[in-house]
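Provide a 3D model corresponding to the input given below.
(2 chains)
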Number of protein chains: 2
Amino acid sequence: MRKWVGHTGVVLALDGLPSGCRDPGCLEKLMPLFSGVKVGLPLLLREGPRLLRRVAEVAQSAGILRIADFKLADIGDVMSSSLEAIRDLGYDIAIAHAFVGVRGALEDLVVRARELGIEVLLVTSMSHEGSREFYDKHFREFLEVARELNVWGVVVPATRLHLVSEARKTMGGSVRILSPGVGVQGARYGTAICHGADYEIVGRSVIKAPDPLEAATRIVEEVERVVRSCRTSSA
Amino acid sequence: MRKWVGHTGVVLALDGLPSGCRDPGCLEKLMPLFSGVKVGLPLLLREGPRLLRRVAEVAQSAGILRIADFKLADIGDVMSSSLEAIRDLGYDIAIAHAFVGVRGALEDLVVRARELGIEVLLVTSMSHEGSREFYDKHFREFLEVARELNVWGVVVPATRLHLVSEARKTMGGSVRILSPGVGVQGARYGTAICHGADYEIVGRSVIKAPDPLEAATRIVEEVERVVRSCRTSSA
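Predicted structure coming up:
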């Protein structure tokens, strides 16, 4: 069994602040329930870099992954500038789109990331229906790019479990697989990890819950229950 | 001849603040030289939403386009949240990536944009070399998506002038074409407009210049000179 950072295998996506959880100590209680936290563009646009820095500090105290998910998808120079700012805000992993290609884009990003001590997570498929229109047509090539660039991990959605299995088979055990798409987006908790993912990402199921702490506890327990069960049956 | 917003056909890309131009009145002098201003992720990460709001206010006073270039490339729900924040910061145009596909992504974005009174600009090709690896293989399909969704405009790089010509021919006169890639990235000033673009985007050539106002004036004059010359020779 792979070892998680933290003990749950669940990463919290913060695209906004939890509506039922605006008091100062709430993030401090919420984050240690997870293996990592992932901040997105809507949060940055609404709350600004200062809040992002605070989230990174709380995550660091909790000893969990700090993921900046701005889905970098630009020329190398612009992605590298973003990466420097991401590092300065206290994040240690940045998510980029494989679709922008290697030359003049991802190759520059990966070099700069190494200089800055940041890990790169590459999106290789997305959780929504439209991912089939263009993105998924290049799924195997994107895994090849991820391998060639030797990135820390790949994003493969829980809504396409066969792609999660394929990614694990193709990439071997050393690459991390993160899966969005569980909860509100329809995939069942725990199923992506059962198919080879390391971490599942939950967002709205927690941050839009009336009681985010209760929702987080329940979801993490459900993931653990499903994962225990699939591991027992495959043992 | 197409009518520009402003009088220059050049859009200023602010991925950082101009290094030679940090005094408070500098942006106020710089922006009216352009037809529009485009803010990007590195600026947001470094300076925060408050600075972005100020840029939008200055641009609005100058009567130029206010473009939020966060290269939206996410599921519909997340892009819509970003769009709401972008509108609240005072921007009237948002740039998104065509490769995320329509269902559950761009279709949601376009509906929300209409509700919010924001225009959408769709990236259909990029200026760097790696754009050929995946992006450009779907160029015609992306133009089809842009037409189907009836977006305000498309982004086609000045480093691929044949794609600019093709976009203009395919899309007709009513869709705006914005072209990055002139200046530091290698394409000659004015050439994208001569091939059918409405606006050329300059960034580093201005913001990294020792005297940004002088550089901006020189570049805008050069674009106008080249455009006059190609229009005379084709008349």
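
residue ranges with poor pLDDT in chain A?
A:1-7, A:22, A:24, A:235 (pLDDT under 70).

the helices in chain A, which residues?
Applying DSSP state H to chain A gives helices spanning A:26-30, A:41-62, A:76-88, A:107-116, A:139-149, A:161-171, A:191-194, A:204-207, A:212-234.

for the third one, buried residues please.
What it means is helix A:76-88. A:76-87 (16 or more other C-beta atoms under 10 Å in any protein chain shown). Bear in mind the C-beta positions are built from the backbone N, C-alpha and C, glycine included.

just the longest one next, same as before
For helix A:212-234, a neighbour-count test (16+ other C-beta under 10 Å) marks A:212-213, A:215-216, A:219-220, A:222-224, A:226-227 as buried.

how about stretch A:109-116?
A:109-110, A:112-113, A:116.

hmm, who's touching it?
A:72, A:76, A:79-80, A:83-84, A:87, A:94, A:96, A:119-120, A:149-151 (C-beta atoms under 8 Å, 6 or more residues apart in numbering or on different chains).

ok, A:L83 touching A:D74?
No - taking C-beta atoms under 8 Å as the definition, A:L83 is not a contact partner of A:D74, at 10.7 Å.

just the contacts of stretch A:109-116 that are near chain B?
Among the contacts of stretch A:109-116, the ones lying near chain B by C-beta under 8 Å from any C-beta of the partner chain are A:72, A:76, A:84.

and A:I67, what is it in contact with?
Contact analysis of A:I67 by C-beta under 8 Å, 6+ apart lists A:11, A:36-39, A:91, A:93-95, A:121.

in the sheet, who's paired with it?
Note on A:I67: beta-bridge partners A:K38, A:I93, judged by DSSP bridges.

so how many other residues sit close to the nearest residue to A:T217 once chain neighbours are set aside?
Closest residue to A:T217 apart from its sequence neighbours, by C-beta to C-beta, 6 or more residues apart in numbering or on different chains: A:L33 at 6.4 Å. Other residues near A:L33 come to 21 when the count uses other C-beta atoms under 10 Å in any protein chain shown.

wait, A:L33 touches A:E221, no?
No - between A:L33 and A:E221 there is no contact under C-beta under 8 Å: 9.9 Å.

show me the contacts for A:I207.
Taking C-beta under 8 Å, 6+ apart, one finds A:13-19, A:21 in contact with A:I207.

from the residues you listed, which is closest to chain B?
Using C-beta to the nearest C-beta, A:D15 is the member of the contacts of A:I207 that sits closest to chain B, with 5.7 Å.

count of neighbours near the residue nearest to A:L52 when sequence neighbours are not counted?
Spatially, and ignoring its direct neighbours in sequence, A:L52 is nearest to A:L89 (5.1 Å; C-beta to C-beta, 6+ apart). A:L89 has 22 neighbouring residues, counting by other C-beta under 10 Å.

phi, psi of A:L89?
In terms of degrees, to the nearest 10, the main-chain angles of A:L89 are phi -80, psi -10.

isn't it right next to A:R50, touching?
No - judged on C-beta under 8 Å, A:L89 makes no contact with A:R50 at a distance of 9.1 Å.

sorry, back to before: now render the helices of chain A as a markdown table, adding distance to B:A187.
Shown next, in a markdown table, are those (distance: least, C-beta to C-beta, whole Å):
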| stretch | distance to B:A187 |
| --- | --- |
| helix A:26-30 | 46 |
| helix A:41-62 | 29 |
| helix A:76-88 | 15 |
| helix A:107-116 | 19 |
| helix A:139-149 | 26 |
| helix A:161-171 | 37 |
| helix A:191-194 | 43 |
| helix A:204-207 | 42 |
| helix A:212-234 | 49 |
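
ok, A:E28 - contacts?
Contacts of A:E28 by C-beta under 8 Å, 6+ apart are A:58, A:61.

can you do 7 Å?
A:V58 (C-beta atoms under 7 Å, 6 or more residues apart in numbering or on different chains).

now do it against A:S61, distance only.
8 Å (C-beta to C-beta, to the nearest Å).

go on, A:G25?
Going from A:G25 to A:S61 by C-beta to C-beta gives 13 Å.

mind listing what the spatially most central residue of chain A touches?
Per C-alpha atoms, centre = their mean, the C-alpha nearest to the average position across chain A is that of A:L178, at 5.2 Å. Taking C-beta under 7 Å, 6+ apart, we find A:L178 in contact with A:11, A:121, A:153, A:155, A:197-199, A:201.

could these go into JSON lines alongside distance to A:V102 and neighbour count?
JSON lines is the format used below for the contacts of A:L178 (distance: C-beta to C-beta, whole Å; neighbours: other C-beta atoms under 10 Å in any protein chain shown):
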{"residue": "A:V11", "distance to A:V102": "26", "neighbour count": "26"}
{"residue": "A:L121", "distance to A:V102": "16", "neighbour count": "24"}
{"residue": "A:G153", "distance to A:V102": "17", "neighbour count": "23"}
{"residue": "A:V155", "distance to A:V102": "17", "neighbour count": "29"}
{"residue": "A:A197", "distance to A:V102": "25", "neighbour count": "29"}
{"residue": "A:D198", "distance to A:V102": "24", "neighbour count": "21"}
{"residue": "A:Y199", "distance to A:V102": "25", "neighbour count": "28"}
{"residue": "A:I201", "distance to A:V102": "25", "neighbour count": "26"}
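
so of those residues, which ones are in strands?
Counted as lying in strands by DSSP state E, out of the contacts of A:L178, are A:11, A:121, A:153, A:155, A:199, A:201.

between all of those residues, which two are at the greatest distance?
Largest separation among these by C-beta to C-beta: A:G153 and A:I201, giving 12.0 Å.

one step back: closest one of the buried residues of helix A:76-88 to B:G173?
A:V78 (30.3 Å).

I figured A:G181 hits A:L161, correct?
No - if you go by C-beta atoms under 7 Å, A:G181 and A:L161 don't touch, sitting 9.5 Å apart.

okay, those two: which has more neighbours?
Between A:G181 and A:L161, counting by other C-beta under 10 Å, A:G181 is the more crowded of the two (27 against 20).

which non-adjacent residue is nearest the more buried one?
Among residues not flanking A:G181 along the chain, A:S127 sits closest, at 3.5 Å (C-beta to C-beta, 6+ apart).

that neighbour contacts A:S179, doesn't it?
No - A:S127 lies out of contact with A:S179 (C-beta under 7 Å); the separation is 8.3 Å.

so for these two, which sits in the more crowded spot?
Neighbours were counted for A:S127 and for A:S179 using other C-beta under 10 Å; A:S179 has more, 30 against 22.

count of neighbours near the nearest residue in space to that one that is not next to it in sequence?
With C-beta to C-beta, 6+ apart as the criterion, A:S179 has its nearest non-adjacent residue at 3.5 Å, and that residue is A:A192. Per other C-beta under 10 Å, the neighbour tally for A:A192 reads 33.
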